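[1] Sharing a sequence plus its predicted fold:
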Amino acid sequence: MSVYLITGATSDLGFELIKTVAKDGDKFLLQGFGDESALKAFCEENKIDYTYYDVNLSDSVATDKFVEDIKSTGLTPTHFVHLPALRVVNTKFKSFDEERFMADMNVQVMSAVKICKYIMPKMAKAKFGRVLFMATSYVLANPPKNTGAYIMAKNAIVGLMKSLASDYVSNGITVNSVSPSMIETKFLAETSHLIVEAAANDHPMKRNAQVNDVVPAMAFLLSEEARFITGVNLPVTGGSVIE
Amino acid sequence: MNRTEIMAKLNEIFCDVFDDEDIVLTDATNSDDIEDWDSLEQINLLVAIEKQFSIKFSLADVADLENVGAMVDLIERMVG
């Protein structure tokens, strides 16, 4: 039996990942914020054994309580997938307020730090763990302009991934991230259609990524077969970034 | 909204996007005249114009805009 802890589970990627990896007997601890109805319906329809946590990860007190709630289940996650991010705002650097930088850092990075401080020692004791973070292809090449808070947090999460991979390499735990190019999901709701269309137009395959282009790579990194892969930030870009 | 009013609002948008209060647009102004006007800033300009004028461009609409005059013509047509 696997225990999946998935943060940002109400995203389109979260839904597809749950559907892809779920096996009979698996348990899912799922975090979202303010948009649980679709996830609940999805889990019930697909007979997913889940517990849902509605947590605002930009609030550090709420995140601390979330970690306590995870502890109180008595379950040790075998897999931790960290997907949350605030929707990207296109704002000139001089116009970003510091609160926005802190909010991005709290949602994407500090929440992962708090959760990992609890689960990594547990995984180490169990001699097994799969940890996967969501990065972006923007950490691999020139980032777009006017996305400072998002890019800073994404680079920090890649730094955390590498650090954890190194710290826990001898404990049967792999820690990786995926860096997709622009994926057409509801995450882009506040991104101009012109930016989305231009990204597709500039892509060598003349399209943006779809959820089902990215989730198989995530599922692989979470699988038993990926046991010898750790500390990797895997590009899933369809060739828009070639390293 | 007439052409002069559109040009005035457009000038404000350019000053904001390129962070340069000294920009003075004419119909002939194009990307050769403003150092930072690359394809990324072009998208940022268009996004700001859409918001200001409550219009929605398609990529096809804006693919062949040669200069500010063509941009004003397009906006004038779209705002009616």
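    The structure has been received and is ready for your questions.

[2] Contact residues of chain B facing chain A?
    B:19, B:39-41, B:43-44, B:46-47, B:50, B:56-59, B:62 (CB under 8 Å from any CB of the partner chain). The C-beta positions use only the backbone N, C-alpha and C, and glycine is treated the same way.

[3] In the residues you listed, find the pair that's most separated.
    Maximum pairwise distance among the residues of chain B next to chain A (CB to CB): 27.6 Å, between B:Asp19 and B:Ser58.

[4] Near chain B, which residues of chain A? Just list them.
    Counting by CB under 8 Å from any CB, chain A sits next to chain B at A:90, A:92, A:94, A:144-146, A:192-195, A:197-198, A:201.

[5] which one of the residues you listed has the most neighbours?
    Per-residue neighbour counts (other CB atoms under 10 Å in any protein chain shown) across the residues of chain A next to chain B peak at A:Leu194, which has 22 neighbours.

[6] helices or strands next to the helix or strand that contains that residue in the packing?
    Counting by DSSP states H and E, the element that carries A:Leu194 is helix A:193-202. If contacts are counted by 3 or more CB pairs under 8 Å, 6 or more residues apart in numbering or on different chains; DSSP states H and E, helix A:193-202 sits against helix B:39-53, helix B:59-62.

[7] Export these to JSON lines and append columns for mean neighbour count and mean pLDDT.
    Formatted as JSON lines, the helices and strands packed on helix A:193-202 follow (neighbours: other CB atoms under 10 Å in any protein chain shown; pLDDT from 0 to 100):
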{"stretch": "helix B:39-53", "mean neighbour count": "18", "mean pLDDT": "89"}
{"stretch": "helix B:59-62", "mean neighbour count": "14", "mean pLDDT": "86"}
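
[8] Kindly present those helices as a markdown table, with separate columns for distance to A:Ala22.
    Shown next, in a markdown table, are those (distance: least, CB to CB, whole Å):
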| stretch | distance to A:Ala22 |
| --- | --- |
| helix B:39-53 | 39 |
| helix B:59-62 | 39 |
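
[9] all helices for chain A, in order.
    A:12-21, A:36-45, A:60-72, A:98-104, A:111-126, A:148-167, A:193-202, A:211-221 (DSSP state H).
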